[in-house]
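Colleague: next come a sequence and a model predicted from it.
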Amino acid sequence: MPDVKPARVRFAPSPTGSLHIGGARTALYNYLLARQTGGRFILRIEDTDQTRFVPGATEQVMAGLRWLGLQWDEGPDVGGPHGPYIQSQRADIHRAHAGQLVEAGAAYYCFCTKERLDALRREQQILKRQPRYDGHCRLVPPEEAKARQAAGEPCVVRFKVTEGAKTTVRDLLRGDITVDNASLDDFIILKSDGLSLYHLAAMVDDHLMGITHVIRGSEWLPSLPKHALLLRAFGWDEPAWVHLSVFLKPSGKGKLSKRESANLKAEEGHSVFVHDMQELGYMREAVLNWLALMGWSLDDKTDVLSLDEMIAGFSLDRLNPAPAAVNFDKLDHFNGLHIRGLPQAELARRLLPYFDGAGLKADEAALLRIVPIIQERIGTLDEAVDMAGFFFRPNVTPRREQLIPKGLDASSALAALLAARDRLAALPDLTHAATEAPMRALAEELKLKPGQLFGILRVALTGQPVSPPLFETIALLDRPVVFERIAAAEALLLGSEK
RNA sequence: GCCCCCAUCGUCUAGUGGACCAGGACGCGGCCCUUUCAAGGCCUAAACCGGAGUUCGAAUCUCCGUGGGGGCACCA
């Protein structure tokens, strides 16, 4: 194992929506490192901006992680030695640390109004300069600032970025990243409402929670120097920084956006949200496998991995820093692979909710009987309902034209159907072994291709042109049902020509 | 506009100076199997962004372009 020291890592989403695949992949990598090293996986909710708070989002994120099987060791609901794990409940801690920086001269109170700041920004935009704070309140004498702050004058706390210097931070995937401090402005760490901004809150909490590795999205890369500066001002050690690449749209052109992905689910049965995955018939194993391989690889050929195998084989230095376009075809492929890899009883168990959801009275025992004939022909779990729902419906409703194979007309199809019925009726048992030979012989007698005869029966018995193999299907249907459905098809073929 | 990051088949990736006329996977095309649909097997097409260096030798190192992405809030 490359990392022998137990890692303490965190997944720190803001409660602004449901868990999406980008967040899930970040959570996964954090989880893998924690499990591999015998460390701890911490869930922390970053809700310092109440204006963006979405009710229920925290629960949705937790549900998504649980569904994926990424259970956290410390978090809002399970607690832990470094709580609370909801950032808004740590406001006092953040405020005290901001005060500490002010005392140390590393930060200062800023009384600039929104109006002044807006005007400043506009001016800078017109001059085509990078918008940044001009350091106006740096000039307020500390005693005066303290007095004004104490008197209740609205103010924020800004971090004092040393001018004329450069800041270098090491990212595990990208090496040293150096920026000119001039490109950083004196950023705000505490808002006028007394709540911390992300930069301060995250660094204080990471330190207090003993975080050893910060694995997060690359959208944080530009503010990495700020975080390092903050940590250094406190005199704290830096964690190992790992900035993951973003996910791109399937076309590879542009970032995967939630808004643009809204139609995905309805239009092509895919979704960027973990909460949709189960409904769409995906298995957690497949989603995990798919996600893991977008940005990480075990070696040059392994593509099927269980969560345990990922834990065993994960390595930070096999992470890929380049952005990855998501490929839903590949998710489908993995899903099929994992479905086929499931023990039959387990697949039956997992299929049950989909039949329930479709209002079909299936049970595990019945599903277990049909699993052998559908397991290798479904790509998603919900497809089992389309494929085998007819087993659980009282009757089927074939379309008349589907009962008539290419090259035949209604009367010859009918004749074939009735002949097949008579042969089947003569058999004591409708097992696969008993039915196939007579049906093949019949086809030959009627000068039909086997597929033509079988097609008529298939549509009559299942109501659909695509189904599990015919003789296995007949064997699983109750005998009376077979003849009822044939009779119904007969009636349909006898009916009006159009 | 400024700052930062990234760059191998259409896509996900392997590749850490010679073992690469670049390997695997998805997808595509073809063949086989076949009662539909799948699954499975076999095969084909398909890439080192460009240009300068460094080196006996570069997909691998450096620089410059170009392209893509991210970021520049009292958001996270």
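Modeller: Looks like it came in fine. What you see is a predicted model; the values in this text were computed from it and never measured. Numbers count the residues shown, from 1 in each chain, chains lettered A, B, ... in the order given.

Colleague: got any ranges where the stretch 1-150 of chain A has weak pLDDT?
Modeller: A:1-3 (pLDDT under 70).

Colleague: residues from it in reach of RNA strand B?
Modeller: By the rule C-beta under 7 Å from any atom of the strand, the part of the stretch 1-150 of chain A lying against RNA strand B is A:12-14, A:46, A:48-49, A:51-52, A:112-114, A:117, A:121, A:128, A:130-133. All C-beta atoms are positioned from the backbone trio N, CA, C, and that covers glycine.

Colleague: go with 6 Å
Modeller: Residues of the stretch 1-150 of chain A found near RNA strand B (C-beta under 6 Å from any atom of the strand) are A:S14, A:E46, A:T48, A:D49, A:R52, A:K114, A:L117, A:K128, A:Q130, A:P131, A:R132.

Colleague: which residues does the third one contact?
Modeller: It refers to A:T48. Applying C-beta atoms under 8 Å, 6 or more residues apart in numbering, we find A:T48 in contact with A:Q87, A:S88, A:A91, A:H94, A:L195, A:S196, A:L197, A:Y198, A:A201.

Colleague: confirm it sits in a helix?
Modeller: No. Assigned with DSSP: H, G, I helix; E, B strand; the rest coil, A:T48 falls outside any helix and is coil.

Colleague: tell me how far it lies from A:A91.
Modeller: Distance from A:T48 to A:A91, counting by C-beta to C-beta, to the nearest Å: 8 Å.

Colleague: find residues that contact each of these two.
Modeller: A:L195, A:S196.

Colleague: now the helices for the stretch 101-250 of chain A?
Modeller: Assigned by DSSP state H, counting those that start in this stretch, the stretch 101-250 of chain A shows helices spanning A:114-126, A:142-150, A:198-208, A:224-234.

Colleague: pick the most buried one from those helices.
Modeller: Comparing the helices of the stretch 101-250 of chain A by mean neighbour count (mean count of other C-beta atoms under 10 Å), helix A:198-208 ranks first with a mean of 22.

Colleague: please see if that helix touches RNA strand B.
Modeller: Yes. Interface with RNA strand B: helix A:198-208 contributes A:Y198 (C-beta under 6 Å from any atom of the strand).

Colleague: who's in contact with that helix?
Modeller: The contact list for helix A:198-208, computed with C-beta under 8 Å, 6+ apart, reads A:10, A:12, A:44, A:46, A:48, A:82, A:87, A:90, A:93-94, A:97-98, A:159, A:187, A:189-190, A:196, A:214, A:223, A:226-227, A:230-231, A:234, A:236, A:239.

Colleague: one more: stretch A:119-136?
Modeller: Taking C-beta under 8 Å, 6+ apart as the rule, stretch A:119-136 contacts A:C110, A:C112, A:R116, A:L117, A:R158, A:S183, A:L184, A:D185, A:D186, A:F187.

Colleague: 10 Å instead?
Modeller: Outside stretch A:119-136, the residues that touch it by C-beta atoms under 10 Å, 6 or more residues apart in numbering are A:108, A:110-113, A:116-117, A:158, A:160-161, A:163, A:182-188.

Colleague: and the end-to-end length of it?
Modeller: In stretch A:119-136, first residue to last residue: 13 Å (C-alpha to C-alpha, to the nearest Å).

Colleague: what count of nearby residues applies to A:A362?
Modeller: Per other C-beta atoms under 10 Å, the neighbour tally for A:A362 reads 21.

Colleague: who's in contact with the closest residue to it other than its chain neighbours?
Modeller: Once flanking residues are discounted, A:A362 sits nearest to A:F355: 3.8 Å by C-beta to C-beta, 6 or more residues apart in numbering. For A:F355, the contact set (C-beta under 10 Å, 6+ apart) comprises A:K361, A:A362, A:D363, A:A366, A:L367, A:D382, A:A384, A:V385, A:A388, A:G389, A:F391, A:F392.

Colleague: and the third one, how many residues sit next to it?
Modeller: By the other C-beta under 10 Å criterion, the neighbourhood of A:D363 contains 12 residues.

Colleague: that one contacts A:L352, doesn't it?
Modeller: Yes. Look at A:D363 against A:L352 with C-beta atoms under 10 Å: they come within range, at 7.4 Å.

Colleague: A:E103 reaches A:V157, doesn't it?
Modeller: No. With contact defined as C-beta under 10 Å, A:E103 does not reach A:V157; the gap is 11.2 Å.

Colleague: so which of those two has more stuff around it?
Modeller: Just comparing A:E103 and A:V157: by other C-beta under 10 Å the higher neighbour count belongs to A:V157, 25 against 11.

Colleague: contacting residues for that one?
Modeller: A:95, A:97-99, A:101-102, A:107-110, A:149, A:186, A:188-192, A:194, A:196-197, A:200.

Colleague: give me that answer again for 7 Å
Modeller: A:A98, A:V102, A:A107, A:Y109, A:I188, A:I189, A:L190 (C-beta atoms under 7 Å, 6 or more residues apart in numbering).

Colleague: dump the residues you listed into JSON lines; add distance to A:L427 and neighbour count as well.
Modeller: As requested, those are exported to JSON lines (distance: C-beta to C-beta, whole Å; neighbours: other C-beta atoms under 10 Å):
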{"residue": "A:A98", "distance to A:L427": "85", "neighbour count": "26"}
{"residue": "A:V102", "distance to A:L427": "91", "neighbour count": "22"}
{"residue": "A:A107", "distance to A:L427": "88", "neighbour count": "26"}
{"residue": "A:Y109", "distance to A:L427": "92", "neighbour count": "20"}
{"residue": "A:I188", "distance to A:L427": "83", "neighbour count": "20"}
{"residue": "A:I189", "distance to A:L427": "82", "neighbour count": "27"}
{"residue": "A:L190", "distance to A:L427": "83", "neighbour count": "27"}
